[in-house]
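In: Just a sequence and a predicted model for now, questions to come.
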Amino acid sequence: QQPIIKVGATPTAVPFNFLDVKTNALEGVMVDVARAVSKELGVTPEISGIPFATLIPSLQTKKIDMISSAFAKTPARAQAVDFSEIVLTYKEALLVPINDTTAYRNYDDLKGKIVGVQMGTSYVEPLKAVQGFKELKMYDTMSDLVRDIALRRVDAGFGDGPVVAYQVRTSASKQVRLVDTYQSQLATNIALAVRKGDTEMLAKVNAAVAKIKQNGVLADILKKWGVPQ
Amino acid sequence: MFDTFLSDAGEYLPVLMQGVLTTVAITIAALLIATFLGLFWALLRVSGIRPLSHASRILTNTIRGVPIIVVLFYMYFVLPELGVSLNAFQAGALGLGIAYSSYMAEVFRAGIDAVDAGQYEAAQSLGMSRALLMRRVILPQAFKIALPPYGNNLVMMLKDSSQTAVITVVELSMQSKLIAAATFKSATIFTLVALIYLVMSLPMMYGVGKLERSLGSRK
Amino acid sequence: MFDTFLSDAGEYLPVLMQGVLTTVAITIAALLIATFLGLFWALLRVSGIRPLSHASRILTNTIRGVPIIVVLFYMYFVLPELGVSLNAFQAGALGLGIAYSSYMAEVFRAGIDAVDAGQYEAAQSLGMSRALLMRRVILPQAFKIALPPYGNNLVMMLKDSSQTAVITVVELSMQSKLIAAATFKSATIFTLVALIYLVMSLPMMYGVGKLERSLGSRK
Amino acid sequence: MIKIEQLSKSYGAHRVLSNIDAEIRQAEVVCLIGPSGSGKSTMLRCINGLEQYQGGSITIDGERVNAASAGIRPIRQRVSMVFQRFNLFPHRTALENVMEGPVHVKKESVAEAKERAGDILASVGLAEKMSHYPSQLSGGQQQRVAIARALAMQPDAILFDEPTSALDPELVGEVLGVMRKLAEKGMTMVIVTHEMKFAREVSDRVLFLDGGRIAEQGPSEQVLTHPRNERMQDFLRRVMHTE
Amino acid sequence: MIKIEQLSKSYGAHRVLSNIDAEIRQAEVVCLIGPSGSGKSTMLRCINGLEQYQGGSITIDGERVNAASAGIRPIRQRVSMVFQRFNLFPHRTALENVMEGPVHVKKESVAEAKERAGDILASVGLAEKMSHYPSQLSGGQQQRVAIARALAMQPDAILFDEPTSALDPELVGEVLGVMRKLAEKGMTMVIVTHEMKFAREVSDRVLFLDGGRIAEQGPSEQVLTHPRNERMQDFLRRVMHTE
Ligand SMILES: Nc1ncnc2c1ncn2[C@@H]1O[C@H](COP(=O)(O)OP(=O)(O)OP(=O)(O)O)[C@@H](O)[C@H]1O
Ligand SMILES: Nc1ncnc2c1ncn2[C@@H]1O[C@H](COP(=O)(O)OP(=O)(O)OP(=O)(O)O)[C@@H](O)[C@H]1O
Ligand SMILES: [Mg+2]
Ligand SMILES: [Mg+2]
């Protein structure tokens, strides 16, 4: 009987961590990563969905032992939790209404526009700092943001690259366009997180992450979910 | 511990206060809508005209059964498909107002029902029309009876205004979520927000209680 | 359009139903807590013992003023620091129950106040103790009066059980958010969820209405 | 003035009034007596257009009373009603209660209505109580305000439904006194009452209702002292408690 | 049986009863009369321990009545009260109303209490109405249930606070009839009433209260026909409406 590790993920981010509607189980890149890392650690993962706002409190109060979610490593968060080595990196993507064919390249091209962003992503703070947007609107979920772009209440929306790509690829929403000329400027570094000060655990997790990077398991996972390296 | 709380509070309060303004504004707007619409439903309900009172009952019960968040979602995201595009604040106030109008309707109806039947007769016997009778005789008394549950609803509505965050209204709870997401001091921020809501609702409860007593003294 | 809705509904319904079970379970648990605790507050409030009734008033007003989500947050994340560790369901039921106990207290108190003073005297004059008088004479009548607003609270509570999602209870609204996030079909799912809540609340309202009429017939 | 012909009234299958014929002339005072449930209140309420009736007709100076038509409103302004439980408006002062009808129904000017309301209240002995709320008045005072409210409409007739039976025995005299004065001034009145002494003294005629029919009627002195109807004899005995 | 010495009672600064001395003996029927506000109800309520008093003492068979002590409960079981507005429990049938005290206060067995309750209800003429709720009974019937409820406690004395003044005049007789029978059977009774005929006929003694003091007392025949006190003469005149 292996010991159990309780893993938390916010199941609202395709393709990283989300609900498989058919099986009613959590699926996605970071769910597979959690399983792979657990295997290396010799423990059984018990993965549960935790709302984004309570991820850190859940870790702090030992409701979970590890965060394996689309949870970016930032200096502010590093004050509250200990992050592992970076597992994967992606950048932001820009969405606009389908009939807006402007070749946006950067923030300056969006001056005077209403811009939307998903709450909880690491783009919120940097975008708040940008001068010149007409308005910055915050959305609970990416699908609400996409809906508002389609309704043209927002001129452009920022989201996580792989999330947006997956959504545009799979969803029925034919009314938005991924701006391929846009040059991403904010790298999001996804890492696992453990309780602050648990250095022993952190070392083990780091070793496991290194292992799955090296033996190709991580690459397989990314390929399975169509996330570019 | 308490020191950090105070210094954190000092830091976040100015940002939160912007949310407070929106919360207050949307609560007041929704309150006006809920009150007038609720009164309208209640008047239909007691109109004595069968189809109208049935329609009112079915409609308000349906609205009561639907989560506010869904009403808000429809107001903001689905209504535009029917050609009515509201901004987030308008959709929030209208959605919250419509959702609460169903509770207000119950409250007013109960108040109207509680007015003594003799009052109707006395007013009729003076030759009053139904509208005059309602306006001058029944409603003033019904309001008094309805005041305590109305106050209850008012406080609930203040807090439910937080649901408009879903449709991108940047009110108090949204503002606090943003800060929490940025700083991860959820406990501090939740406590702060609880205090702010409390500070907003206590005067409401006090005011309603006071109004209740002052109306009561004439009875 | 309607066809896709039906086929989508068929696909998501089984998953949503699991959320429904949790929603119902947590609502019932919270209802029991809110009813008994609310009754307790109300009895303190009308106890006639000054410090107790003041304490009850201040406590319930405070709870009323605090957003439910904050109560839930404390139950789940802060209570463990004091050595009381509850699982998400327990914390959810308890938090929701405590939050609503304050509204229930108001409802019961109003009901108790509305019982005719003559009933107290008649019961006292039979030699009843205060406890017996409450149990046999006042409360049965107060419940009847309190039933309509109690029903209102019940429906509100069903819907507010969705707030326990924040502390990781996977109930209906949480389940629906997850599906919406995975499938991007928010409008369909929100409509479905609205219907499910409606289907759950209509029998409640009907039941309360029926109970009200059946109690009323004896009066 | 008030003419009732073959009046019939039922609640569902329950017949409450059967073929009532009666006429009340200008300046006449008629008392309506009878056991509980005999239909006295129902008859008054029909006259005031508060109830619809199924058969026969009621006319006020030739105009037909029909509770369902809008035309009932002007008729009600000519025939006022005073209720057993007063039914004053609790959120208005005595003066406001009396002014309510003239100002809001008859659209008189506030100043004029106020002056007259004051005069009427003074005439029923309530000059001092004008700004009191009903809850601050005794039952007898409340009923006098109710009478003042009816008088302020300057009606041709007033209907009284047991105006003293909700009063403490000592306060009954106040109200009967006011009614006695109205009778002397020639007001047309229909009075449901159990105060037999008062009925004998004030009324011109008495109608005895039993089971929805007029069982006996005639000049009050005669009917009350020498009732021919057996039921009426029994009724008088019980009301007097001379068992 | 009931002994009142120098009883004084105030609400705040308002003195309602002043130095009342009175004694009610076993099997005696005493009527308490007086104008509204003179303190009649307050006096009864003090005897029943529903109000605390500030001065003097009330004793029942030597035991002191103290509204604040738990010892008041057994005393209340020996002295029952019947209220003006009946105060029946609306959610219980007539039979249940009568059984309530014996079963839940005196802890009698349900079977025994039920049988006796039935007998008592039959004795006040309500054998047919046992399973009716109060709302399904007339006022006179309700008041008789209230008397039955008091009797079921097998009290040594019963206090009546205007037991007929909330009744329709015709129904008053029913209740007075029941009380008359109780008097004949030797029940100790204190009765607040405005029914002067009844008082004269049934009571042994009359106390006239005025402004919180006993202004006159004595054998009822004598006090009611030849009152010496001027206030009492005035009061009797008003109650009889013989203005
Ligand atoms: N709204 C109603 N629905 C059904 N029946 C009614 C209604 N109002 C009165 N009744 C019945 O009509 C009959 C006459 O009632 P009404 O009130 O006219 O009697 P009353 O002579 O005024 O009696 P009381 O002296 O008790 O006032 C009674 O049998 C009563 O039960
Ligand atoms: N709870 C109270 N608080 C203050 N004053 C009161 C209270 N109850 C009664 N009083 C006052 O005490 C006085 C006596 O009242 P009580 O009810 O005993 O009179 P009563 O003789 O029974 O009159 P009635 O014939 O109107 O019933 C009155 O002046 C009344 O206003
Ligand atoms: Mg009547
Ligand atoms: Mg009294």
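Out: Everything's here; your move. Ligands and ions are numbered 1, 2, ... in the order given.
In: And the strands in chain D, which stretches?
Out: Counting by DSSP state E, one finds strands in chain D at the ranges D:2-11, D:14-24, D:29-33, D:55-60, D:63-64, D:79-82, D:157-161, D:188-192, D:205-210, D:213-219.
In: list the helices and strands the fifth one packs on?
Out: Identification of packing neighbours for strand D:63-64 by 3 or more Cβ pairs under 8 Å, 6 or more residues apart in numbering or on different chains; DSSP states H and E yields no helix or strand. Every C-beta, even on glycine, is put in place using the N, C-alpha and C of the backbone.
In: now do the first one
Out: If contacts are counted by 3+ Cβ pairs under 8 Å, 6+ apart, strand D:2-11 sits against strand D:14-24, helix D:40-47, strand D:55-60.
In: Tell me which of these is the most buried.
Out: Burial of these is given as mean neighbour count (mean count of other Cβ atoms under 10 Å in any protein chain shown); helix D:40-47 ranks first at a mean of 23.
In: export that helix as CSV, just CAs?
Out: Output of helix D:40-47 as CSV, limited to C-alpha atoms (Å, rounded to 0.1, in the frame of the first residue of the first chain):
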residue,chain,number,x,y,z
LYS,D,40,-78.4,42.2,9.1
SER,D,41,-74.8,43.0,8.2
THR,D,42,-75.3,41.5,4.8
MET,D,43,-78.3,43.7,4.1
LEU,D,44,-76.4,46.9,5.1
ARG,D,45,-73.5,45.8,3.0
CYS,D,46,-75.7,45.3,0.0
ILE,D,47,-77.2,48.8,0.4
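In: Mind telling me which residue of chain B is nearest ligand 1?
Out: Nearest to ligand 1, among the residues of chain B, is B:Ala117, at 10.0 Å (Cβ to the nearest ligand atom).
In: so how many other residues sit close to that residue?
Out: 10 (other Cβ atoms under 10 Å in any protein chain shown).
In: Same check on B:His54?
Out: If you count neighbours by other Cβ under 10 Å, B:His54 ends up with 12.
In: biggest helix in chain D, by residue count?
Out: Ranked by residue count, the top helix of chain D under DSSP state H comes out as helix D:169-184.
In: repeat for chain B
Out: Selection of the longest helix in chain B by residue count, based on DSSP H, yields helix B:2-45.
In: avg pLDDT for that helix?
Out: Per-region confidence: helix B:2-45 scores 92 on mean pLDDT.
In: Next secondary structure after that helix?
Out: helix B:50-65 (DSSP states H and E).
In: looking at the helices and strands packed on strand D:2-11, which is closest to chain E?
Out: helix D:40-47 (11.4 Å; Cβ to the nearest Cβ).
In: Packing partners of the closest one?
Out: Using 3+ Cβ pairs under 8 Å, 6+ apart: helix D:40-47 touches strand D:2-11, strand D:14-24, strand D:29-33, strand D:55-60, strand D:157-161, strand D:188-192.
In: In CSV: those, plus mean pLDDT and distance to ligand 2.
Out: Output for the helices and strands packed on helix D:40-47, formatted as CSV (pLDDT from 0 to 100; distance: least, Cβ to the nearest ligand atom, whole Å):
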stretch, mean pLDDT, distance to ligand 2
strand D:2-11, 95, 36
strand D:14-24, 94, 35
strand D:29-33, 96, 27
strand D:55-60, 94, 39
strand D:157-161, 96, 23
strand D:188-192, 97, 25
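In: and of those strands, who's closest to A:Leu95?
Out: Closest approach to A:Leu95 among the helices and strands packed on helix D:40-47 is made by strand D:2-11 (69.9 Å; Cβ to Cβ).
In: Touching that closest one from outside, list them.
Out: With Cβ atoms under 8 Å, 6 or more residues apart in numbering or on different chains as the test, strand D:2-11 has contacts from D:15-24, D:39, D:42-43, D:46-47, D:51, D:53-60, D:79, D:157, D:188, D:190, D:212.
In: Show me how far it is from its chain's centre.
Out: Centroid separation between strand D:2-11 and its chain, computed with Cα atoms, centre = their mean, to the nearest Å, is 17 Å.
In: do it and ligand 1 meet at all?
Out: Yes: on the criterion Cβ under 6 Å from any ligand atom, strand D:2-11 is in touch with ligand 1 at D:Tyr11.
In: nearest residue to B:Ser125 other than its sequence neighbours?
Out: Of all residues not flanking B:Ser125 in the chain, D:Met81 sits nearest, at 4.4 Å (Cβ to Cβ, 6 or more residues apart in numbering or on different chains).
In: quick one, what contacts the one you found?
Out: Neighbour list for D:Met81: B:121, B:125, D:44, D:48, D:50, D:150, D:158-161 [criterion: Cβ under 8 Å, 6+ apart].
In: can you tell me which residues contact the residue most central in space within chain D?
Out: Note on chain D: the residue nearest the mean C-alpha position is D:Phe160, at 1.5 Å, using Cα atoms, centre = their mean. Residues in contact with D:Phe160 (Cβ under 8 Å, 6+ apart) are D:81-82, D:179, D:189-193.
In: Which of these sits closest to chain B?
Out: Relative to chain B, the closest of the contacts of D:Phe160 is D:Met81; by Cβ to the nearest Cβ it sits at 4.4 Å.
In: Is the closest one bridged to anything, and to what?
Out: Note on D:Met81: beta-bridge partners by DSSP bridges are D:Leu159.
In: what does A:Gly8 give?
Out: A:Ser48, A:Ile67.
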